[in-house]
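Visitor: Fold the following.
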Amino acid sequence: MIETFFQQEEDYLVQVKNLTRVFGNQRVLRDITLNIPAGQTLVLLGESGCGKTVLMKSIIGLIRPTKGQVLFDGNDINRLNQRQISKIRTRFGFVFQNAALFDSMTIGQNVAFPLRQVGRYSNDQIREMVLSRLSEVGLPDSVVYKKPAELSGGMQKRVGLARALVMNPEIIMYDEPTTGLDPIMSDVINELILRTRIRNPVTSIVVTHDMNTAKKVADRIVMLMPEPRLDPNESQIIFDGTVAELEQCRDRRVQQFINGEAGERLMELRGEATGAGY
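Guide: Numbers count the residues shown, from 1 in each chain. Below is the predicted model of the structure:
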């Protein structure tokens, strides 16, 4: 397992303690406890609706927990004022599922956006940093004048990564980074995630249901199950370990997911539909 007996609490960059999140009558996360050391690439794995993205957004403070704590570098982010949490967020980079670029801005303006928000860099410094980050993700200088609509989906994803990197973050969060991409471009993104970790001492949290991504980039994999499908006292984290340990895991639900076996799940869905009166 990733965590060891000798690891001290202060070694963890992120600590999630007994986190529960409820939306209306729906409990999405239940009593999640998770510690992430600095420098680790953690993949959050699981089927749609299991709470992966909610957990990631809770870590960055975009969603407040119904119960429990999220600590970043020892600070409970939900007890900070707006100025303090804004300062902490400059230590994060966020790669959105659909790149989330500003359509009305050029690529250069998109990547420069976080730098201009901070307001402590000259135009020359900004230009140099933007071109450097675009080069890191394999894009030529000429794209700075283009609009997002002029780029392919894979290129837009790379621009999103360049924007996430431009502030030299300590932690990068990837939300479904390969969704909508063909296998070759998906592997390009996976390679960029790996190279980012090599070039920069960065902690990464990758939310995905793509097993190729999980196996290629993960130091550690945490797999979640949808809360309604659990027994009352069962942990929502049904697996926590390395890629090698994942492949040897005997939990039937884990094996069905990693092998893409839909048989039992399809029967469950039919049962749910029958019970709902459809």
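Visitor: Start and end of stretch 236-246, how far apart?
Guide: 16 Å (Cα to Cα, to the nearest Å).
Visitor: give me phi/psi at residue 105?
Guide: Backbone geometry at residue 105, expressed as degrees, to the nearest 10, gives phi -100, psi 150.
Visitor: again with residue 45
Guide: Here is the backbone geometry of residue 45 (degrees, to the nearest 10): phi -120, psi 150.
Visitor: Could you do residue 49 as well?
Guide: phi 90, psi 0.
Visitor: Number the chain from 23, please
Guide: OK, 23 is where the count begins now, so the last one is residue 71.
Visitor: count of neighbours near the closest residue in space to it that isn't next to it in sequence?
Guide: Distances taken as Cβ to Cβ, 6 or more residues apart in numbering place residue 248 nearest to residue 71, at 5.0 Å, with adjacent residues excluded. (Glycine included, C-beta is placed from N, CA and C.) By the criterion of other Cβ atoms under 10 Å, residue 248 has 14 neighbours.
Visitor: repeat for residue 266
Guide: Residue 266 has 8 neighbouring residues, counting by other Cβ under 10 Å.
Visitor: can you pull out the strands in the stretch 73-222 of the chain?
Guide: Ranges of strands in the stretch 73-222 of the chain, per DSSP state E, counting those that start in this stretch, are 89-94, 97-98, 114-117, 193-197.
Visitor: Check what pLDDT residue 175 gets.
Guide: Looking at residue 175, its pLDDT reads 88.
Visitor: what comes up buried for stretch 53-64?
Guide: 53, 54, 56, 57, 58, 59, 62, 63, 64 (16 or more other Cβ atoms under 10 Å).
Visitor: okay but the first one is in contact with residue 43, surely?
Guide: What it means is residue 53. No. Judged on Cβ atoms under 8 Å, residue 53 makes no contact with residue 43 at a distance of 10.5 Å.
Visitor: and stretch 92-104, what's its mean pLDDT?
Guide: Mean per-residue pLDDT for stretch 92-104: 90.
Visitor: thinking again about what came up before, put together a markdown table for the strands of the stretch 73-222 of the chain, with mean neighbour count and distance to residue 267 on each row.
Guide: Converted to a markdown table, these look like this (neighbours: other Cβ atoms under 10 Å; distance: least, Cβ to Cβ, whole Å):
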| stretch | mean neighbour count | distance to residue 267 |
| --- | --- | --- |
| strand 89-94 | 18 | 26 |
| strand 97-98 | 12 | 31 |
| strand 114-117 | 23 | 26 |
| strand 193-197 | 24 | 22 |
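Visitor: Save those strands as CSV, and put in distance to residue 49 too.
Guide: Listed next are the strands of the stretch 73-222 of the chain as CSV, based on distance: least, Cβ to Cβ, whole Å:
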stretch, distance to residue 49
strand 89-94, 10
strand 97-98, 22
strand 114-117, 25
strand 193-197, 21
